[in-house]
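K.L.:
build me a structure from this.
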Amino acid sequence: MDRSTKLKLKLAAILAASGVLLLTLLVFAQDFPDIRLWALFAAALVLFEWNSVEVNDRLLVSPSVMVTLTAAVVFGPGSATLGAATMAALGLLTRADLRERRWFQPLANFGQFVISATVAVWALELFLPSQVTVDDLWRLAAGTAVAAAIHLVVQYTIVSWVVHTVYQRREVRPWAQMAANKASHVVMGFLGGLLGATYLLVGAATLPLIFTAYFVGHLALAAYGELRAAQEATLRGFVKALEAKDLYTRGHTERVAHFAELIGEELCYNPTQLQRLRWAALIHDVGKLAVPRELIRKKARLTDEEYAHMQRHVHVVEDILAEVEFLHPMVHIASGHHAHYDGNGYTGATHNHGDPPSQGMSVLAVADAFDAMTSTRSYRMALSQEYAFTELQRHAGSQFDPEVVAALIAALARTGERYGSTELADESEARRLAESMEGYRIYG
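P.N.:
From the prediction side, this is the model:
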């Protein structure tokens, strides 16, 4: 049994045991709510958890927090936490778990769902009156908003701890653009409180309205997830169009994005900053769509006129993507990836020549240069990783940001990843080999 599996077993056991212990304690501490109401809300929670939508990379969400907090208000003090925790325990399975025959995720989810619901609703019970009146509406809404925030923090803390422990890394992509997700989570908690109070004030006639609100919440999350997927698809469409022009640059964009993310992690970028960096990397060469294919594939050195033509691609990326609103911050970074740390180099219209580039631009510049040196091009064979490191360090302080160069070297040392040739460390020899069939036989 490998280390990762052992850790998964240990963490699954800890979380599952914690969930069982909390449920056992709650059984003795509280009364179980009306079984008919509990079953109704529990069925809604299971339905929405089963149909969770992906709003970010592997981040699945549902309106279940709204269901949980509505039910907690309806159950009332003395039953809310037990009712909510037992409902949460039923949401442990997803379609992917059954399809992929996963065991770790359901066990871990059982524990973290029970813990999150218990802590959040226990806090909510401080706001629950024994008899709800109209005057209690805003107090309940505020209490459920606070409970939703607590629920989110507890879940995030547990999931981050599990991922870091098992995989020995920060899992950042799912948590990018979390401001919108946090806001929706709290808003759903707020609405859950109002819906629960409405049920207590008006009666069972409000149930169709309550479940319609749940469905609308689910549709809103699904629409957001589809928008994010469309944005990713747009980026990949640009990448495929670019790489179709040149066999030698195929994979370059994804590698630059990977190196940029490694550097960003080393520099302690937050998830949203890392996503912005990654997307900038994916579009950084889109301007080359306007560059003639024969110029991109040319084996010999470019003439001054050809080099000037190639430089225009940083302006073209701005022209092509200027109207794509969600890409505005990334276009600024991408158009400056040829800016030098000392203010030289060339950039798009959004950056003034002579001004030092932003660190995002510097990250992209180092990632792009490293991949250019360690991958085979039409004009040169791949050089060794050691050679690339030496060149980056030699130009640190002039062309490249020294801190960014050090971050790339440290990140690759930490991950143990290696790129490029195992022995080729001469630029002239690399160019000679690229022009000979021998080079393709040895290194191709």
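
K.L.:
wouldn't Gly336 be in contact with Met361 here?
P.N.:
Yes. Using Cβ atoms under 8 Å, Gly336 is in contact with Met361, at 3.8 Å. Any C-beta I mention is one placed from the backbone N, CA and C, and that applies to glycine too.

K.L.:
am I right that Leu90 falls within a strand?
P.N.:
No. Per DSSP: H, G, I helix; E, B strand; the rest coil, Leu90 lies outside any strand segment and is helix.

K.L.:
got the contact list for it?
P.N.:
Contacts for Leu90 (Cβ atoms under 8 Å, 6 or more residues apart in numbering) come out as Ala42, Leu45, Val46.

K.L.:
quick check: chain neighbours aside, which residue is closest to the first one?
P.N.:
Once its chain neighbours are removed from consideration, Ala42 has its nearest residue in Met87; the separation is 4.5 Å (Cβ to Cβ, 6 or more residues apart in numbering).

K.L.:
quick one: low-confidence ranges for the stretch 151-300 of the chain?
P.N.:
Applying pLDDT under 70 to the stretch 151-300 of the chain flags residues 167-181, 242-243, 245-250, 287-300.

K.L.:
can you check which helix is longest in the chain?
P.N.:
Longest helix in the chain by number of residues (criterion: DSSP state H): helix 207-243.

K.L.:
what comes up buried for that helix?
P.N.:
Buried residues in helix 207-243, counting neighbours by 16 or more other Cβ atoms under 10 Å, are found at 210-211, 213-214, 217-218, 221-222, 224-225, 228, 234-235, 238-239, 242-243.

K.L.:
ok, stretch 377-395 next?
P.N.:
Under 16+ other Cβ under 10 Å, the buried positions of stretch 377-395 are 377, 379-385, 387-389, 391-392, 395.

K.L.:
reformat those residues as a markdown table; add pLDDT, secondary structure and distance to Ser421.
P.N.:
Compiled in a markdown table, the buried residues of stretch 377-395 are given as follows (pLDDT from 0 to 100; DSSP: H, G, I helix; E, B strand; the rest coil; distance: Cβ to Cβ, whole Å):
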| residue | pLDDT | secondary structure | distance to Ser421 |
| --- | --- | --- | --- |
| Arg377 | 70 | coil | 13 |
| Tyr379 | 66 | coil | 15 |
| Arg380 | 69 | coil | 11 |
| Met381 | 76 | coil | 7 |
| Ala382 | 79 | coil | 5 |
| Leu383 | 81 | coil | 6 |
| Ser384 | 86 | strand | 5 |
| Gln385 | 87 | helix | 8 |
| Tyr387 | 88 | helix | 8 |
| Ala388 | 88 | helix | 10 |
| Phe389 | 91 | helix | 13 |
| Glu391 | 89 | helix | 14 |
| Leu392 | 92 | helix | 16 |
| His395 | 89 | coil | 20 |
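
K.L.:
which parts of the next helix or strand after the longest helix of the chain are buried?
P.N.:
Using DSSP states H and E, the helix or strand that follows helix 207-243 in sequence is helix 252-266. For helix 252-266, the buried set under the neighbour-count rule, 16+ other Cβ under 10 Å, comprises 252-257, 259-266.

K.L.:
which other helices and strands contact helix 252-266?
P.N.:
When contacts are defined as 3 or more Cβ pairs under 8 Å, 6 or more residues apart in numbering; DSSP states H and E, helix 252-266 packs onto helix 207-243, helix 271-283, helix 359-374, helix 402-415.

K.L.:
can you list contacts of that helix?
P.N.:
With contacts defined as Cβ under 8 Å, 6+ apart, helix 252-266 is touched by 169-170, 172, 239, 242-243, 273-274, 277-278, 280-282, 284-285, 363-364, 366-368, 370-372, 375, 404, 407-408, 410-412, 414-415, 419.
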